[in-house]
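Peer 1: give me coordinates for this.
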Amino acid sequence: MRNIHGNIVECVMPIMSQIIRSILAAGTFFAACESSMAATPLPPSVALSSQRVISANSHELDITDDRGTPIRIRVRSKLGKAISNSAEIVFPESNSLLTDGREFVLVIVGEPSSSHPTGYCGAGIESKLYALQIDGESASVAFEKLVQSCLKNIDLTSDGVVPAYRSVSWSTHPTGIRVRWMNDENGNEATRVFQYRRGQFVELPAS
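Peer 2: Purely as a prediction, here's the structure:
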């Protein structure tokens with residue numbers, strides 16, 4: 001009986017060890033996934049060259065003054081209306097772009113796709129990207145582009161971990177904006193660059 005018991009223990013122990021190793025490996029995997037997801041949030045604000053900061057708050061864009069007090073940024077009426085009706089305001093980049101003696105900030109303003117919550121795209125969002133030129137406490141629109149839309153089936157690239165809005169970024173070479181789509185307005189996977197040229201961002205031909 002002792003030999004049988006010993007044999008059973010010898011057989012069971014490796015199996016238990018393998019199960020424990022599998023559980024530990026699974027825990028490590030999920031912890032890594034959670035860490036990865038936690039490490040890729042969208043920036044809450046944008047740092048300017050003047051040490052001031054732009055942030056979004058209560059359907060408005062704010063810029064801190066020299067004492068760190070937030071002041072509402074003055075924007076043109078069309079953009080102001082979009083911001084006041086926004087479902088979300090996000091910054092895909094935490095830094096501004098300095099070029100040609102001008103400073104630009106990227107901001108994405110999402111408006112509800114429909115005023116009927118139970119209808120088609122009732123919970124959808126129409127997201128437009130703006131490149132804003134900052135001048136003191138004012139901002140002017142240098143570029144705008146619909147980058148995500150429920151109504152038009154436009155989707156930015158996303159791997160399920162990194163937020164889709166991370167598919168919008170500054171381009172270094174050439175200087176400008178880079179956008180990656182899983183489905184663009186033509187239903188195609190695409191990456192486009194909008195190069196900065198004399199105060200404007202112009203789309204480059206696809207390579």
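Peer 1: only C-alpha atoms from now on, for both contacts and neighbour counts.
Peer 2: Fine.
Peer 1: name the nearest residue to E126, ignoring sequence neighbours.
Peer 2: Nearest residue to E126 in three dimensions, chain neighbours excluded: S149, at 4.5 Å (Cα to Cα, 6 or more residues apart in numbering).
Peer 1: now S58: which helix or strand?
Peer 2: For S58, there is no enclosing helix or strand under DSSP states H and E.
Peer 1: thinking again about what came up before, contacting residues around the residue nearest to E126?
Peer 2: Neighbour list for S149: 113, 124-127, 155 [criterion: Cα atoms under 8 Å, 6 or more residues apart in numbering].
Peer 1: repeat the analysis, applying 7 Å as the threshold.
Peer 2: When contacts are counted by Cα atoms under 7 Å, 6 or more residues apart in numbering, S149 touches 125-127, 155.
Peer 1: separation between it and A206?
Peer 2: Distance of S149 to A206, given as Cα to Cα, to the nearest Å: 22 Å.
Peer 1: and the strands in the chain?
Peer 2: Using DSSP state E, the strands assigned to the chain run over residues 45-47, 53-56, 61-64, 70-72, 88-90, 97-99, 102-112, 125-135, 138-149, 155-156, 168-171, 176-183, 190-197, 200-203.
Peer 1: for the residue most central in space within the chain, which non-adjacent residue is closest in space?
Peer 2: Note on the chain: the residue nearest the mean C-alpha position is Y165, at 2.6 Å, using Cα atoms, centre = their mean. Counting by Cα to Cα, 6+ apart, Y165 lies nearest to P92, which is 5.7 Å off, once chain neighbours are set aside.
Peer 1: now E189, nearest residue through space, not along the chain?
Peer 2: In space, and not counting its chain neighbours, E189 is closest to M182: 4.6 Å by Cα to Cα, 6+ apart.
Peer 1: burial measure for that neighbour, as a count.
Peer 2: For M182, the neighbour count with other Cα atoms under 10 Å is 16.
Peer 1: any idea how far E60 is from it?
Peer 2: M182 sits at a distance of 29 Å from E60 (criterion: Cα to Cα).
Peer 1: thinking again about what came up before, now the strands of the chain in CSV, with mean pLDDT and distance to K81?
Peer 2: Output for these, formatted as CSV (pLDDT from 0 to 100; distance: least, Cα to Cα, whole Å):
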stretch, mean pLDDT, distance to K81
strand 45-47, 95, 21
strand 53-56, 95, 15
strand 61-64, 94, 12
strand 70-72, 92, 14
strand 88-90, 94, 13
strand 97-99, 96, 25
strand 102-112, 96, 10
strand 125-135, 96, 13
strand 138-149, 96, 13
strand 155-156, 96, 24
strand 168-171, 97, 23
strand 176-183, 97, 24
strand 190-197, 97, 25
strand 200-203, 95, 22
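Peer 1: out of those, nearest to A82?
Peer 2: strand 102-112 (6.9 Å; Cα to Cα).
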